[in-house]
Each structure stands twice: as structure tokens, then as C-alpha cells.
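Trainee: Sequence and predicted structure are below.
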Amino acid sequence: MKKKYTKMLTRAFFLKEYVIRKKSINQIAKEKGIDWQTIKRYAKENKIKLRSLKEQAKFSSKGAKPKYEKILTKQFLVKNYLKRKKSIKEIAKELGIYRGTVARYLKKFKIRTRTTKEQMEISYPPKEFKLTQEALSFLDGLLLGDGSIPQNKYNARSYTQVCKYREYLEYVKERLKKFGIEVSPIRGRWINDIRCKKGGYKEYFLQTKRYKTFDKLRKRWYNKRGRKIIPKDIILTPDCLLQFYLCDGNYYREIRLCTSGFKLNDVKFLKKLIEKRVGISLRLITSPSLKGGADIAIKKSEVPKFLRFIGKSPVKCYKYKWIDGELRKNGKNICYTSSSKS
């Protein structure tokens, strides 16, 4: 593939315009109507030694004095960069000059430049949402299951969740919207898995915008090593346990809540909490495959009471979790959501 400006931006051209006439890269770019980065790239390809900004200033400014020393004074930079918190890009755009020039003058006056992370926090401050009891209960239920608040290079964080059912994530998105939490468009992706008949499966990904409020939740739900824990102040409302069951529960002969990702002491704490809140007896399932963790099991006789406590499934895709998998195999659909006796 031929390069677009090979015939125009030749070595002879650069020797004449850049070396002899002392024009800057920006001047050449404006005259030719070409991006300055393209001019710079062609100059390097033609083995032209480029001048520094300081060296170019001697030719671009009269009397060999820096061009912007009367504008970019220390007083101006302290006022706009330090006090008004404007970014280098904003200052450069307002003055109509190259941002590298602004950065050079900041360095000249020994003014520490902010990192990208610091500037992001100033230019795009993260929002907060009101953490009502309803919102907290809903989010706690999600975090008991598949939800996560991952590490982030910025201070404020976002909530993320992966699910094989788009319908459920759309439901989560609508619930979050009611709490004032904005969510990015839900995305789908194909996961290769040889265990599946089709060689893989499609899963969906939900992510919220950044909120300072998620920092508080991150501190409640994760230890210093970044491992998820169960907060001691968690309140197990029907909605909280409903989301947990939808995310990480299954029903085959008995209900099994997948909790092996938590430490054993946390699982024991959660078990006692559910027993007290719902009024049922539970047992722990341990096995080598759980790698020191444990799942919580609800025996068949206690299942109707648990399902009545959490209520009906809010989405069609998870209605099957209200029917014993063994009965579904035999073509029987007995759903324990009514107030009838077990």
C-alpha cells in the first residue's frame, strides 16, 4: 500500500522548509492542511533531526525569546491550573496553542503536573446515589451472588455482573435505574467451552457508571487482599435473599446456595443468619471440589417455606428455579410459591 504523502513530503522538502527556512512542524502542518503527527512521522522517515520545543522557539519567536512567556506566566498558571483546576488540554485550547507548550511552562515554574487519574477526578467527578435500605438490600443480594465491585484505576468504582440471561440483567438495570444508578448498554459475548454441545455459550455483561457510593460498598464487601467477604451488618430481607437465590441458587431435590467462594467462617455466619431470619434449619455441604469452602443446603421439607419467604421469580428465565429439577425431569411442575402448606 502506497503512502499518501510520499511525493509531497520528501527529504528535499524537509531540508528546504524545516532545516533551511526553520519552519516548525506545526507551521508546515497548517500550510499543507495535514495533521502535525503525520508531518513528524514523515520527517523521521526522511532522517531529519527534529528540534526540541525550546530550540524551535528561538526561530519561531522574534529576538530569540520564548513566544508565550508574557501569557504563560507563573501567576497565570497558578490561577488557572492550580486554583481553577483547569487541565493542560483546556488551557491550551483556550489559548490556541500546543498542549506540550503549556506542560513545558509548568515544568519551568516547577509546578507539579497532575496525573491522568487526578485530572479525571477533577474534570469528570464521579456521582453519588442515595443508599436507601431498599437499594442496599438489593445490592447486598446481588453481591452475595455473582455481582462484583472490581478494582479500578480511578478512586470511584462501578458495579459489574455477568449472566447467561440478558432478561435478568435488563431487570437488574431497571432496578438500579430506580435508585439513580446509570448503567452502560448491556453487552453480549461468546464464551468457548468444550463441555457445551455447541462448543460454548453466550453470556451478557452489565456495568454501571462510576459512583463514589460503590467505594463504601467495596470496603464493606472486600478485605484488604481483594477477596469478597460477607459484611456483619447485612440485613437479609426477602429481596436480598431473592437476588442471591436467582444469582447463585439451584433446586434439585433440595435447594443449594453456592457460597464456596466465601471463607468458611463467613458461610457459617450466613447460615445462622438465614436460619434465624426465615425460620428454617440448614446444613453445610463440604467436599474436596469446594477447596475448603462450603455450600448451604435447604432440605426438601424446608424448601416451600424458603420460596414463600423470597416470593416469585421477577423474570421468566429463572422461573425454573421454583420447581424441583427432579420433578421437571419427570414432567411434573410443582411450584412452591403459594401460601399452601407443604
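Mentor: In hand now; what should we look at?

Trainee: Is residue 51 in a helix, a strand, or coil?
Mentor: Taking DSSP: H, G, I helix; E, B strand; the rest coil as the rule, one finds residue 51 in the coil state.

Trainee: Can you give me the neighbour number for it?
Mentor: Residue 51 has 17 neighbouring residues, counting by other CB atoms under 10 Å. Placement of C-beta: from N, CA and C, glycine included.

Trainee: likewise residue 303?
Mentor: Neighbours of residue 303 using other CB under 10 Å come to 19.

Trainee: how close does the closest residue to residue 199 other than its chain neighbours sit to residue 290?
Mentor: Leaving aside its chain neighbours, residue 199 sits nearest to residue 192 (6.5 Å; criterion: CB to CB, 6 or more residues apart in numbering). As judged by CB to CB, to the nearest Å, residue 192 and residue 290 stand 25 Å apart.

Trainee: More neighbours: these two, which one.
Mentor: residue 290 (17 against 8).

Trainee: Skipping adjacent residues, who's closest to the residue nearest the centre of the chain in space?
Mentor: Among the residues of the chain, residue 158 comes closest to the average C-alpha position under CA atoms, centre = their mean, at 4.9 Å. Counting by CB to CB, 6+ apart, the nearest residue to residue 158 once its immediate chain neighbours are dropped is residue 208, at 4.7 Å.

Trainee: From what I see, the one you found and residue 184 are in contact.
Mentor: Yes - the pair residue 208 / residue 184 is scored as a contact, 7.2 Å apart, by CB atoms under 8 Å.

Trainee: So which of these two has more stuff around it?
Mentor: Neighbours of residue 208 and residue 184, each counted by other CB under 10 Å, are more numerous for residue 208; the result is 20 against 13.

Trainee: Okay, and the beta partners of the more buried one?
Mentor: Listed beta-bridge partners, residue 208: residue 183 (assigned using DSSP bridges).

Trainee: now the strands for the chain?
Mentor: Listed in chain order, the strands found in the chain under DSSP state E are 160-163, 187-192, 200-207, 249-252, 254-257, 283-285, 295-298.

Trainee: Dump the ones you listed into CSV; add distance to residue 225 and mean pLDDT as well.
Mentor: CSV is the format used below for the strands of the chain (distance: least, CB to CB, whole Å; pLDDT from 0 to 100):
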stretch, distance to residue 225, mean pLDDT
strand 160-163, 19, 95
strand 187-192, 27, 88
strand 200-207, 23, 91
strand 249-252, 27, 94
strand 254-257, 24, 96
strand 283-285, 24, 94
strand 295-298, 23, 96
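
Trainee: Could you export those strands as TSV, including distance to residue 275?
Mentor: Supplementary listing: the strands of the chain in TSV, determined by distance: least, CB to CB, whole Å:
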stretch	distance to residue 275
strand 160-163	27
strand 187-192	36
strand 200-207	32
strand 249-252	16
strand 254-257	12
strand 283-285	10
strand 295-298	10
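
Trainee: can you tell which of those is closest to residue 319?
Mentor: Checking the strands of the chain against residue 319 by CB to CB gives strand 249-252 as the closest, at 11.2 Å.

Trainee: what comes up buried for that closest one?
Mentor: Residues 249, 251 are the ones in strand 249-252 that count as buried (16 or more other CB atoms under 10 Å).

Trainee: tell me what that strand is packed against?
Mentor: Applying 3 or more CB pairs under 8 Å, 6 or more residues apart in numbering; DSSP states H and E, one finds that strand 249-252 contacts strand 254-257, helix 325-329.

Trainee: now with 10 Å?
Mentor: Other elements packing on strand 249-252 under the criterion 3 or more CB pairs under 10 Å, 6 or more residues apart in numbering; DSSP states H and E are helix 238-248, strand 254-257, strand 295-298, helix 303-310, helix 325-329.

Trainee: Name every strand pairing with that strand and say which way it goes.
Mentor: Checking strand 249-252 against DSSP bridges gives partners strand 254-257 (antiparallel).

Trainee: next one: the strand it pairs with to chain centre, how far?
Mentor: Put simply, strand 254-257 sits 31 Å off its chain's centre (CA atoms, centre = their mean, to the nearest Å).

Trainee: now swap in stretch 21-33 and tell me
Mentor: Using CA atoms, centre = their mean, we find the averaged C-alpha position of stretch 21-33 to lie 42 Å away from the chain's own average C-alpha position.

Trainee: Buried by neighbour count: which residues of that stretch qualify?
Mentor: Counting neighbours by 16+ other CB under 10 Å, the buried set in stretch 21-33 is 23-29.
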